[in-house]
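>>> 3D, please:
(2 chains)
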Amino acid sequence: MTNTQSINQTIGQGADVISAAHLVKIYGEGDTQVRALDRVNAGFKKGTFTAIMGPSGSGKSTLMHCLAGLDRATSGQILLGGSHLEGMDDNALTTLRRDHVGFIFQSFNLLPTHTAKENILLPLELAGRKVDKVFMASLVKSLGLTGRLGHRPSQLSGGEQQRVAVVRALVGRPAVVFADEPTGALDTRNSHHLLSYLRSASRTEGQTIIMVTHDTKAASYVDRALILSDGQIREDIPSPTEDSVITAMRFAGGE
Amino acid sequence: MSRLPMLRVALKEMRYHPARYLATVISIAISVGFLAAASIISATESQAKTFQAVDVGGMDASSVILWVFAGIAMVTGLITISNTFTILLEQRRRQIGLLRSIGTSTTQIRRSIWLEAGFLGFVGSLLGIGLAFGLSAILAIYTGAIKHGLAVPYAAINIAFALGVVITMVAAIAPSHRATRVPPLEALRPTSTVLKITQGSIARAAICTLLVVVGMAGALYSLTLTKNALSVAILSAMAIALGVLFGARFYVPSMLKAAGWLVHRIGPTTSTAAKNLMRNPARTAATSTALMLAVGLIITLQVGTASMGATVAGVLDSEYPVELFVEAHIDPEGAMSLSKNTVSRLSQVSGIASAEPIECRSIEELTDRQYPRLNRVCEYTPQLAQLSPGLPDSIGDQEILVNEYARSSITESAITLAAKTGLVLVEPQASKAAMGNYAFVSPATYVALAGESNRASLVFMSLADSKNLATVAKELAEILKQNNTPGDLAGAAYQKSVLNTATNVILGVVTVLMGVAIVIALIGVGNTLMLSVLERTRDNATLRALGFKRGQLRVMLFIESMMLSLVAVIIGAGFGVFFGYLGTRAISSMFTFGVQLPVHIALNWDYTLALIGAIVVAAGLASVLPGRCAAKASPVASLAEA
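This is a model prediction of the structure:
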């Protein structure tokens, strides 16, 4: 009881759109047990663009999976858009993702059988929500996808596919957009465009974005970088630069 | 390295993923089991010599028919096994690529795939024969033939076994060629989820079109024939069927597209399901082919049987004057008569509206012919007209009613009959009232004729309601037995009820036997869905991440199964009705003497709807396993690199 209260105090601070407290994730059992997250506490304010960084195996992907309701934490609490994720059943988690979370994936993950437009509208259709046509048109125009919406993913370039995925993630104005190595499959020019776009989306639209990446260049676009290693947050860098992140990463990796 | 590298891979696969082989082995087992069961049952029954009563309804189970059906089940099995092999090998693409890149030759790979097929065929056949013995034992216990033991027709069982192995290996040929044609590096790449637009070759399209066109022409031609109508109709139907089955990939995708367009507004689950079916059009088409074949055959047989029944029923209606009548037997004194008591008891049977006894005598036609054209002449009383709408109100005194066939054989304008005093000249008129050897004259004429009169040689009856005819007939037969000389029960309604029972039995047997082929085809549907689930792991995970609930994924697979099955059912049933019509037309035209019989096309709705219902249920079941598999996938997998 007291434990819960203290956690609620921790997560309740400020205007966090999403927050985690004492988050632990353990994979496997016995000898092969791996502690992927080790009592992580983190909060993310509305309209912020955060990068979660760290070496391979640091737990950054696991943290994202748990925060997004894709995977369950072993213990600890997560508050997303006012609801506690722990104890939710699969259907409730699915509905939560559908209604409050947007995703941008490294390999785009557009459905090959759907056109760009159908891909964009799918989550809204699932929720039975009406699309904000004006907003969608502005997203499509600003991402240079005008005239490409009737195409299937196989008829689009990689950059275009990722921009379609961005529209899909933003169009429903979710509480949080999670981006998992969004630039991993893009060239430098497309990476720059994408990251600039995400930054402006967080500033002008107040869109909260959490991005997992190991690309240190991405650091200069975000408001804040969390450096993870061995399942723990080692550094919380406000207004990071490429250099500050590289230093922090070296520090975290060197342990 | 073993000389048969793939076999080793395959054996490992079998150990770790036995479920993948399930569909193949079950298909083989059912095909072989059916064949073996057919031979064991017939051998056991003939050994027990209780054969006439294996009441699968008076149908001789030892007949060729069972083997024919078993053969059809084998063909469906062949298509399904071939599909399951394609899928097995597709799952092993990477291994094949790896083996190719380290220097295994395509021949080596192919040879080991065939060995593997032989092994699977062996296991499946063994299972099938075990199944056959079990099934036969149950049936033999049911019929009582078991008391002489199960007969083991070694030759037939060996043939069934060998066929199982051979068919499996044959089924593996095309898939093994396709699998080894993949260049090594291509195979090592992750399976692209990019839409594969597989187009059939132009040659294939041309041949299929030609087959259908020639078949259609032949079918139309068969309608004008009388003599060889059936063989032309069968050949045409086969040409059309081949064209339709092998051309499935040209039209099934478009049909699915149209179906998808029809249902896409229902919701994202439905529209996504419809789109999934378009992912690999060639495979979708191949899967539907087996079901199409099974449904097409079964509907052809159903329509053919029901239509032949209806056509013959139509003939019976025009052949018999009344729904039900009794014809007295000839007693030792040469008389043909039912007692007054019998007649009154007949009329009291519930379900009989009225029973009119008819007085008849032997005809004495004065002619120099060796064989009399007419046999017996009867009195046409006014009451008879009440019994059936087709009967005349009365007959003129100068007329004699004969049946149509007799009328056509009489060339003179009048015939001469011996009377008590002198002769009577009567004009023959064709009428429905007269059947077989019976002719009718007016009461006045009848009295004047020579010869001893038998009262109640015939009793014409009308029915109050034709529903419980079987029980009415039983009661009537009981009464007739108690008469001095019994009588025969006949009539349009009676013959029709006998015919109905027979057609229903045939329909039932056909439906059950062909049901085996449908089961095999639906295993194929489940198998294809399973493969698509495996291929679409990442897409399904993406759907889960974006908000598809587990239940929605299961529903999606269910809809895919339904759409795929329904398209096959529509095509199969459509052609089945057409072929059934062709066959009925052809058969009835062979029994025509100058005039074409009026052909009635009929469907036995009970059986047809039961069949379609069973297919829908089974298609739903076929989606259960793939649906569970899809729903189990973790959404986290969508984030993993492809």
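
>>> List the contacts of the residue in the stretch 51-200 of chain A that chain B sits nearest to.
The nearest approach of the stretch 51-200 of chain A to chain B comes at A:R98, 2.6 Å away (Cβ to the nearest Cβ). C-betas here are computed from N, CA, C, even on glycine. Residues in contact with A:R98, defined by Cβ atoms under 8 Å, 6 or more residues apart in numbering or on different chains, are A:123, A:126-127, B:546-547.

>>> If we use 10 Å, what do you get?
Neighbouring residues of A:R98 by Cβ atoms under 10 Å, 6 or more residues apart in numbering or on different chains: A:69, A:122-124, A:126-129, A:172, A:174, B:545-549.

>>> Repeat that for A:A137.
Contacts of A:A137 (Cβ under 10 Å, 6+ apart): A:131, A:146.

>>> three-state assignment of it?
Assigned state for A:A137: helix (three-state reduction, DSSP: H, G, I helix; E, B strand; the rest coil).

>>> can you list the weak-confidence ranges in the stretch 51-200 of chain B?
Along the stretch 51-200 of chain B, the parts satisfying pLDDT under 70 run over B:51-68, B:145, B:185-200.

>>> Return the residue of chain B that is most distant from the centre.
B:T421 (62.0 Å; Cα atoms, centre = their mean).

>>> Excluding sequence neighbours, find me the nearest residue to it.
Counting by Cβ to Cβ, 6 or more residues apart in numbering or on different chains, the nearest residue to B:T421 once its immediate chain neighbours are dropped is B:A448, at 7.7 Å.

>>> can you give me the helices in chain A?
In chain A, the segments counted as helices under DSSP state H are A:2-12, A:60-67, A:90-100, A:116-127, A:133-142, A:158-170, A:188-204, A:242-254.

>>> Out of the ones you listed, which gets nearest to A:R35?
helix A:60-67 (10.1 Å; Cβ to Cβ).

>>> The closest one vs chain B: in contact?
Yes. Using Cβ under 10 Å from any Cβ of the partner chain, helix A:60-67 comes into contact with chain B via A:61-62, A:64-66.

>>> Mark which of the contacts of A:R98 are buried, thanks.
A:69, A:122-124, A:126, A:172, A:174, B:545-549 (16 or more other Cβ atoms under 10 Å in any protein chain shown).

>>> Show me which of those residues is closest to B:S337.
B:K549 (81.0 Å).

>>> and the closest one, what does it touch?
Contacts of B:K549 (Cβ under 10 Å, 6+ apart): A:90-95, A:98, A:126, B:269, B:543, B:555, B:631.

>>> filter the residues you listed to the buried ones?
A:93-95, A:98, A:126, B:269, B:543, B:555, B:631.

>>> how close does the closest residue to B:P486 other than its chain neighbours get to chain A?
Nearest non-adjacent residue to B:P486, counting by Cβ to Cβ, 6+ apart: B:L480, 5.0 Å away. Distance of B:L480 to chain A, computed by Cβ to the nearest Cβ, to the nearest Å: 71 Å.

>>> Check the gap between B:L480 and B:L609 for me.
As defined by Cβ to Cβ, to the nearest Å, B:L480 lies at a distance of 39 Å from B:L609.

>>> Same drill for those two, tell me which one is more crowded.
The residue with more neighbours, out of B:L480 and B:L609, is B:L480; 21 against 11, by other Cβ atoms under 10 Å in any protein chain shown.

>>> okay but that one is in contact with B:L489, surely?
Yes. Between B:L480 and B:L489 there is a contact at 6.9 Å, judged by Cβ atoms under 10 Å.

>>> which neighbours do these two share?
B:326, B:346, B:459.

>>> element containing the first one?
Translated: B:V326. Using DSSP states H and E, B:V326 sits in strand B:324-328.

>>> if we can go back for a sec, closest to B:A355 among the buried ones among the contacts of B:K549?
Closest to B:A355, out of all of these and judged by Cβ to Cβ, is B:V555, at 61.9 Å.

>>> The closest one contacts B:V624, doesn't it?
No. B:V555 lies out of contact with B:V624 (Cβ under 10 Å); the separation is 11.6 Å.

>>> show me the residues around the one residue in chain B that gets nearest to chain A that make contact.
Residue nearest to chain A within chain B: B:G547 (2.6 Å; Cβ to the nearest Cβ). Counting by Cβ under 10 Å, 6+ apart, B:G547 touches A:94-99, A:101, A:103, A:122-127, A:172, B:268, B:635.

>>> Kindly recompute the last result at 7 Å.
A:94, A:97-98, A:123, A:126-127 (Cβ atoms under 7 Å, 6 or more residues apart in numbering or on different chains).

>>> now swap in B:Y251 and tell me
Going by Cβ under 7 Å, 6+ apart, B:Y251 touches no other residue.

>>> buried residues in the host helix or strand of it?
Using DSSP H and E, B:Y251 maps to helix B:248-263. Neighbour-count burial for helix B:248-263, counted by 16+ other Cβ under 10 Å, picks out B:248-250, B:252-253, B:255-256, B:259-260, B:263.

>>> Can you name the next helix or strand after that helix?
Defined by DSSP H and E, the subsequent element after helix B:248-263 is helix B:268-277.

>>> Is the helix or strand just after that next one positioned near chain A?
Next helix or strand after helix B:268-277 toward the C-terminus (DSSP H and E): helix B:281-319. No. No part of helix B:281-319 sits near chain A under the criterion Cβ under 7 Å from any Cβ of the partner chain; the closest distance found is 11.5 Å.

>>> helices or strands up against helix B:281-319?
Packing partners of helix B:281-319 (3 or more Cβ pairs under 7 Å, 6 or more residues apart in numbering or on different chains; DSSP states H and E): helix B:64-91, helix B:229-246, helix B:248-263, helix B:492-535, helix B:550-590, helix B:605-622.
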